[in-house]
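[1] sequence first, then the predicted structure, then my questions.
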Amino acid sequence: MLLDYDRLGWLRVALVGFTAAVAAFLLLPVVFIVLLSFGSSRWLAFPPPGWTLKWYEQLFADPTWIDAALTSARIAAMSAVLAVVIGLFASFALVRGEFRGRQLLRGLLLTPMVLPVVVFAIAIYAFFLRIGLAGTTIGFVIAHTILALPFAIIPITAALEGFDKSIEDAAIVCGASPLQARLRITLPSIRIGIFSAAIFSFLASWDEVVVAIFMASPTLQTLPVKIWGSLRADLSPVVAAASSLLVGLTLCLMIVTALLRRKLSR
Amino acid sequence: MQGSSLRRGSIAGLTAGSGSALPALLLVGLFFIVPVVALLLRSVTDPEPGLQNYAALFGSGTYVRVFLNTFLVAAVVTAVTILVAFPVAWMLAIMPPAYGSIVFGIIILSMWTNLLTRTYAWMVLLQRTGVINRTLMGLGIIQEPLPLINNLAGVTIGMVYIMLPFMILPLVGTLRAIDPMTLRAAALCGASPFQAFRRILLPLSLPGIAAGGLMVFVMSLGYFVTPALLGGTSNMMLAEMIAQTVQSLLNWGLGSAAAFVLLVITMALYALQLRLVGARRTGGGL
């Protein structure tokens, strides 16, 4: 009876209670940081002695925060576009290709997700130091595209595997060129996969800390590098304000994803 | 799939064979394989050819302690994550969807929230004068503030928080795939709930637990951000040591050697995980 929700008896009370506690544990830091960002205490006392917007004012008055956010957005957008386009082409080969070493190739392209990112970080940093790409936007975008690629390939190959290829073939039989068939039949059919790929690869770059810490230069730093620096220096409430905006962004992204998925899957 | 004449159309196309993987292969080859191999070569050539970096790494008590500590933290984090995740995944697998989707929403929100944001929140929550210590003291449970940060306790709490979604989400799949009839049959045959749990439910979910646990263990071994911010100097982990050796001490040879050790351990455990789950199912929660 252990897998019958209605017949668990007293065990159900205990398990539901435990699940609720874990959900609260998962929610705690997110809610806490948002509340804290409106608190007036410089020393992050909680509950706050009063409420204020001054940390947000300081955040928006500081051009280095704005710069860092814009840099992050720019690098993440470029990395996501590259990862999705390159990942899309690679996915066709991985799903439909008939060549030796296909599984090996898949494993190779997914390795950047498995390898500890600190190993990749110092490797690419050393490499870029030598060829002069360290601390440049191009260097950032290349490194982040590699880290984002697995997050693009996994949803796109999954969508492509679920797509019945005979529909594309039917379009060709009806006179479409292979390219037309692929652009007008296949791509729209796997759009949910492509959309997930775009979201995940954007986030992979936007949230990336370790490579960014090495790659950053005084004139080029992303938002995570800026936050990292503030965390190491002091626990300023301005970080709480920046963090709360990031939480808001995550919520927006979740809502947009849910709505778009509903719309696209219709 | 169907090797009919219809395939000819696509064989002529750009994306038929392996060709369309070329850009990805070039990118990963040039900017991933080459730098990583160059780094590993550096571990035996910098400052001079030889194995002296590895000798220094395994000969020094400091570095050996970092290795042991890394394994200890990863093991503790994995064990706690499994214990916490299992009951939650169990409930999520059988709960009415209306409640379940709330819990799933919270898990996704926590998972998608910026990593530094979550770690920052724990730094503030766990500090000496933080909310947790103040609440516990207010309730009269403790008299003195507990040391919750810059030690093993802090790293464990912060890491378990980050790893939980990676354990819960795949486990829900495993538990949903178990036929409830097997447990009904056990009950009919007179098994007590505890017996049914120990002899049926647990063994049937063991592949999921092993696969998820291994993934959490591997991810924890190489984790950098959370241990660096929540851990203490006395229990530094491998990833932080590698970064420091390279960034502050500029000792590339030693850092590369440590990176190579981390790479070998990670890849070996990853290969083990692939054998456990099969290559197709390792995308986690994507």
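    Good, I have the coordinates. Residues are numbered from 1 along each chain as shown, chains lettered A, B, ... in the order given.
[2] and B:Gly19, how far is that from A:Lys263?
    Going from B:Gly19 to A:Lys263 by CB to CB, to the nearest Å gives 34 Å. Bear in mind the C-beta positions are built from the backbone N, C-alpha and C, glycine included.
[3] which one of these two is surrounded by more residues?
    B:Gly19 (15 against 8; other CB atoms under 10 Å in any protein chain shown).
[4] any stretches of the stretch 1-150 of chain B with poor pLDDT?
    B:1-16 (pLDDT under 70).
[5] change it to 80
    Across the stretch 1-150 of chain B, the ranges flagged by pLDDT under 80 are B:1-18.
[6] which stretches of it form helices?
    With DSSP state H, counting those that start in this stretch, the ranges of helices along the stretch 1-150 of chain B come out as B:8-11, B:22-28, B:34-45, B:52-59, B:61-94, B:97-112, B:115-126, B:131-138.
[7] residue of chain A closest to chain B, please.
    Nearest residue of chain A to chain B (CB to the nearest CB) works out as A:Pro116 at 2.5 Å.
[8] is there a neighbour count for that residue? I'd like the number.
    Based on other CB under 10 Å, the number of other residues close to A:Pro116 is 22.
[9] ok, and the closest non-adjacent residue to it?
    B:Gly222 (2.5 Å; CB to CB, 6 or more residues apart in numbering or on different chains).
[10] so how many other residues sit close to that neighbour?
    Neighbours around B:Gly222, by other CB under 10 Å: 24.
[11] thought it was touching A:Val118?
    Yes: at 6.3 Å, B:Gly222 and A:Val118 qualify as touching, with contact defined as CB atoms under 8 Å.
[12] phi and psi next, for A:Glu208.
    phi -70, psi 130 (degrees, to the nearest 10).
[13] need the pLDDT of it.
    You'll see A:Glu208 listed with a pLDDT of 94.
[14] what of A:Asp4?
    pLDDT at A:Asp4 comes out at 83.
[15] do you know how far it is from B:Leu188?
    A:Asp4 sits at a distance of 13 Å from B:Leu188 (criterion: CB to CB).
[16] so which of the helices of the stretch 1-150 of chain B is the most packed in?
    helix B:115-126 (a mean of 23; mean count of other CB atoms under 10 Å in any protein chain shown).
[17] chain center to that one, what's the gap?
    Its chain's C-alpha centre and that of helix B:115-126 lie 18 Å apart, by CA atoms, centre = their mean, to the nearest Å.
[18] relative to helix B:97-112, how tilted is that helix?
    100 degrees (axes from the mean of the first three to the mean of the last three CA atoms, to 10 degrees).
[19] dump the residue contacts of residue 176.
    With no chain named, the answer covers chain A. Residues near A:Ala176 by CB atoms under 8 Å, 6 or more residues apart in numbering or on different chains: A:Arg184, A:Ile185.
[20] let me rephrase: I mean chain B.
    B:Ala93.
[21] what helices and strands are in contact with the strand or helix carrying A:Pro29?
    Assigned by DSSP states H and E, A:Pro29 belongs to helix A:10-37. Other elements packing on helix A:10-37 under the criterion 3 or more CB pairs under 8 Å, 6 or more residues apart in numbering or on different chains; DSSP states H and E are helix A:237-264, helix B:61-94, helix B:97-112, helix B:115-126, helix B:152-176.
[22] for the residue in chain B that chain A sits nearest to, list the residues it contacts.
    When scored by CB to the nearest CB, chain B has B:Gly222 as its residue closest to chain A, at 2.5 Å. Neighbour list for B:Gly222: A:Leu115, A:Pro116, A:Val117, A:Val118, A:Val119, B:Leu238, B:Ala239, B:Leu262, B:Thr266 [criterion: CB under 8 Å, 6+ apart].
[23] could you rerun that using 6 Å?
    A:Pro116, B:Ala239, B:Leu262, B:Thr266 (CB atoms under 6 Å, 6 or more residues apart in numbering or on different chains).
[24] ok, A:Leu235 next?
    A:Leu235 touches nothing, counting by CB under 6 Å, 6+ apart.
[25] A helix includes it, no?
    No: counting by DSSP: H, G, I helix; E, B strand; the rest coil, one finds A:Leu235 to be coil, located in no helix.
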